[in-house]
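Visitor: here are the coordinates; sequence isn't available:
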């Protein structure tokens, strides 16, 4: 895809770790695959205020569960590996669920809605990346 796409999980550590990034995402953020899939996703922000803002966005989507399939955000400032800032436009964020062992879609939906099934991660696609530095 020409659009940056990535995902992080909640399973391997206390904070979300990237588990996937397509070529556009890796190039946009300046990472190679091996370092990226060990990187806490919080490393894409720089200041304490940005860390708090980012966590609030992630928590809002995580808490929304199935009520909203995706959340869209615009004009988010993030930082590349080299420290240069980028502006993200058209950011779409959604929860990722492990439904491997689920037999019925309706049962899965009910578990998600009731909160008995939690997301295992989140994914994002970005419509546009603008380099600020």
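Guide: Cool, the structure landed. Model, not experiment: these values are computed from the prediction. Numbering: from 1, shown residues only.

Visitor: what is the longest helix seen in the chain packed up against?
Guide: Assignment by DSSP state H gives helix 48-64 as the longest helix of the chain. If you count contacts as 3 or more Cβ pairs under 8 Å, 6 or more residues apart in numbering; DSSP states H and E, helix 48-64 packs onto strand 71-73, strand 85-96, strand 121-131. For every residue, glycine as well, the C-beta is placed using N, CA and C.

Visitor: for residue 45, which of those is the nearest?
Guide: strand 85-96 (10.2 Å; Cβ to Cβ).

Visitor: direction included, what does the closest one pair against?
Guide: Partners of strand 85-96 in the sheet, by DSSP bridges, are strand 71-73 (antiparallel), strand 76-79 (antiparallel), strand 121-131 (antiparallel).

Visitor: export those strands to CSV and tack on mean neighbour count and mean pLDDT?
Guide: Shown next, in CSV, are those (neighbours: other Cβ atoms under 10 Å; pLDDT from 0 to 100):
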stretch, mean neighbour count, mean pLDDT
strand 71-73, 15, 79
strand 76-79, 18, 92
strand 121-131, 17, 93
